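K.L.:
Kindly generate the corresponding structure for this input.
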Amino acid sequence: MLSACGGVQDSAVPQPKHIAYISELGDEGAFKHLVASGPSDYTSIGLYRQLPAQRAVLPPSNRIARVDGSVLAAHSAHDIASRLVSAIDGSCTRAMPCSSGLVAIDDIASEFAGKAGANLLAAMQNLQGQESPRGGSYADRVIMYLDFDVLSDLGNPDHAAKWKDAMAAAALGNSMWLEMYDSTGVGTMNMVSLAQWKEIPRHATASLTAAGASESQIHLMIGPWVGRVRGQTARDCRDTLTCVWHAASATPLNQQLLQNGVGMYRYTREQLTAFCVFIDTQDPGAEPDPRVRADCARQLTGKRGHSAAESGDAPN
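P.N.:
Next up is the predicted model:
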């Protein structure tokens, strides 16, 4: 069965709920503390690892291939489609193979304004009509990360029109991940303000759903946190971690998007541990899948010298 429009996908197509995009700046070993113990659990909770990586806790079936958006944008619609098909049908690298049949465009950024966005849309429309031997259409297997600066433009009537084709292209894909971090270079970020946390997901969701996407396909990609969230109250900002998670869940729409599953970008060992502590103790209604939460509880209680099973304090 091929997609008829955004949000209608073959049941054989993997549907990521959580994506870890840690990169080599993070600590891959710490990631295992956030996940359940077996490959079947990885798939059932929709947990995937974005490549490239030098090592990965998750198996090939839960790894996502990557194409460079800035390179892709320079090509014709035909070549864009061909490159995406090759990545979907491929197996990544010999050292780090992948078998999910998913590819992510990293990312939909400034290069896709105007004509390049139109080429991307034409390519996705082409892929929507091509059946993948793995199931669904090739378009169903394309994940798109949407750049923070692009998302910020969607709320500006003078700028939003130049992203119309790119957003329509994204809406034809597997899922859309809103980059809620303002990257200023490799490993460096500006803090996203509370006002931006409230406004950007609203404008992005409106744009994507108007183009045919389902709200259930839209996710927040949350980056490393640094400093206090501008506009956040002292009560909701007792520490940096509490700051970002209360900001991320600041509106009913955000809370719904968080329930769709979150992406984790460039988390260090300390931030992964802090994330685990937070969802066990501060729950703002935005925790990951309960099985991820339960694994966090086992890590926490293990530090106290006893198991969750023995203490009976693992979350339900």
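
K.L.:
can you give me the helices in the stretch 1-150 of the chain?
P.N.:
28-31, 39-44, 69-72, 77-89, 115-128, 148-153 (DSSP state H, counting those that start in this stretch).

K.L.:
now these in TSV, with distance to residue 229, mean neighbour count and mean pLDDT?
P.N.:
In this view, the C-beta of every residue, glycine as well, is placed from N, C-alpha and C. Putting the helices of the stretch 1-150 of the chain into TSV (distance: least, Cβ to Cβ, whole Å; neighbours: other Cβ atoms under 10 Å; pLDDT from 0 to 100) gives the following:
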stretch	distance to residue 229	mean neighbour count	mean pLDDT
helix 28-31	24	18	60
helix 39-44	31	15	66
helix 69-72	28	16	97
helix 77-89	36	18	98
helix 115-128	31	21	98
helix 148-153	15	20	96
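
K.L.:
and of the ones you listed, who's closest to residue 173?
P.N.:
Among those, helix 115-128 comes nearest to residue 173, with 6.6 Å by Cβ to Cβ.

K.L.:
need the strands for this protein, in chain order.
P.N.:
With DSSP state E, the ranges of strands along the chain come out as 18-21, 47-50, 63-68, 103-108, 142-146, 175-180, 182-185, 188-190, 218-222, 262-265.

K.L.:
Buried residues, the last one. List them.
P.N.:
Within strand 262-265, the residues that qualify as buried by neighbour count (16 or more other Cβ atoms under 10 Å) are 262-265.

K.L.:
now the residues you listed in TSV, with distance to residue 193 and pLDDT?
P.N.:
Converted to TSV, these look like this (distance: Cβ to Cβ, whole Å; pLDDT from 0 to 100):
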residue	distance to residue 193	pLDDT
262	19	82
263	20	85
264	21	81
265	18	84
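
K.L.:
so can I have CSV of those residues showing distance to residue 87?
P.N.:
Formatted as CSV, the buried residues of strand 262-265 follow (distance: Cβ to Cβ, whole Å):
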residue, distance to residue 87
262, 24
263, 19
264, 22
265, 20
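
K.L.:
Of those, which is the nearest to residue 160?
P.N.:
For the buried residues of strand 262-265, the nearest to residue 160 is residue 263 (23.6 Å; Cβ to Cβ).

K.L.:
Save the helices of the stretch 1-150 of the chain as CSV, and put in distance to residue 246 too.
P.N.:
Formatted as CSV, these follow (distance: least, Cβ to Cβ, whole Å):
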stretch, distance to residue 246
helix 28-31, 23
helix 39-44, 28
helix 69-72, 31
helix 77-89, 37
helix 115-128, 34
helix 148-153, 19
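
K.L.:
ok, what's across the strand from residue 176?
P.N.:
residue 144, residue 218 (DSSP bridges).

K.L.:
Compute the number of surrounding residues for it.
P.N.:
As a burial measure, residue 176 scores 23 neighbours (other Cβ atoms under 10 Å).

K.L.:
Verify the stated contact: it with residue 211.
P.N.:
No: Residue 176 lies out of contact with residue 211 (Cβ atoms under 8 Å); the separation is 10.0 Å.

K.L.:
Pull out the buried positions in the longest helix anywhere in the chain.
P.N.:
Criterion DSSP state H: the longest helix present in the chain is helix 194-210. Within helix 194-210, the residues that qualify as buried by neighbour count (16+ other Cβ under 10 Å) are 194, 196-197, 199-201, 203-205, 207-209.
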